[in-house]
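A.B. asks: Let me see the structure of the following:
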Amino acid sequence: MALTKNDIVAKVHELGFTKKKSVETIESLLDIIKRTLGKGEDVLISGFGKFCVKNKKERRGRNPATGSDLTLRGRKVVTFKCSGKLRDTIND
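C.D. replies: This is a model prediction of the structure:
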């Protein structure tokens, strides 16, 4: 089962914040991350990992329904590399 944004808000609420303040805090954090990645900058969270924006080049592809060849345009993708601490926690 995946951890949802509502689950994170509930965990922050359990720390003693009001429900409204918990929602505002999580929404603000996610907005900062989205805006930073949108500018093409990386987001590093020490002890957790790094979100990186990578440029994918234009490449050849194929339509799976028809089998016809086509060209996929270049685009940006977000990748995540976990920190050693997170990796150790997961593997314990």
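
A.B. asks: Tell me which residues touch residue 54, please.
C.D. replies: By C-beta atoms under 8 Å, 6 or more residues apart in numbering, the contact set of residue 54 is 76, 77, 78, 79. To be clear about C-beta, it is placed using only N, CA and C from the backbone, and glycine gets the same treatment.

A.B. asks: again, but for residue 63
C.D. replies: Taking C-beta under 8 Å, 6+ apart, one finds residue 70 in contact with residue 63.

A.B. asks: Same check on the one 3 residues further on?
C.D. replies: Counting by C-beta under 8 Å, 6+ apart, residue 66 makes contact with nothing.

A.B. asks: Remind me which helix or strand it belongs to.
C.D. replies: Assigned by DSSP states H and E, residue 66 belongs to neither a helix nor a strand.

A.B. asks: Going forward, count from 55.
C.D. replies: Noted, 55 is the first residue going forward, which turns the last one into residue 120.

A.B. asks: residues of the helix ranked longest in the chain that come out buried?
C.D. replies: For the chain, the longest helix by residue count, based on DSSP state H, is helix 73-92. Under the neighbour-count criterion of 16 or more other C-beta atoms under 10 Å, helix 73-92 has 76, 77, 80, 91 buried.

A.B. asks: same check, this time on stretch 63-72
C.D. replies: Going by 16+ other C-beta under 10 Å, stretch 63-72 has these buried residues: 63, 66, 67.

A.B. asks: now do stretch 90-102
C.D. replies: 91, 97.

A.B. asks: Now that stretch: average pLDDT?
C.D. replies: Per-residue pLDDT values over stretch 90-102 give a mean of 96.
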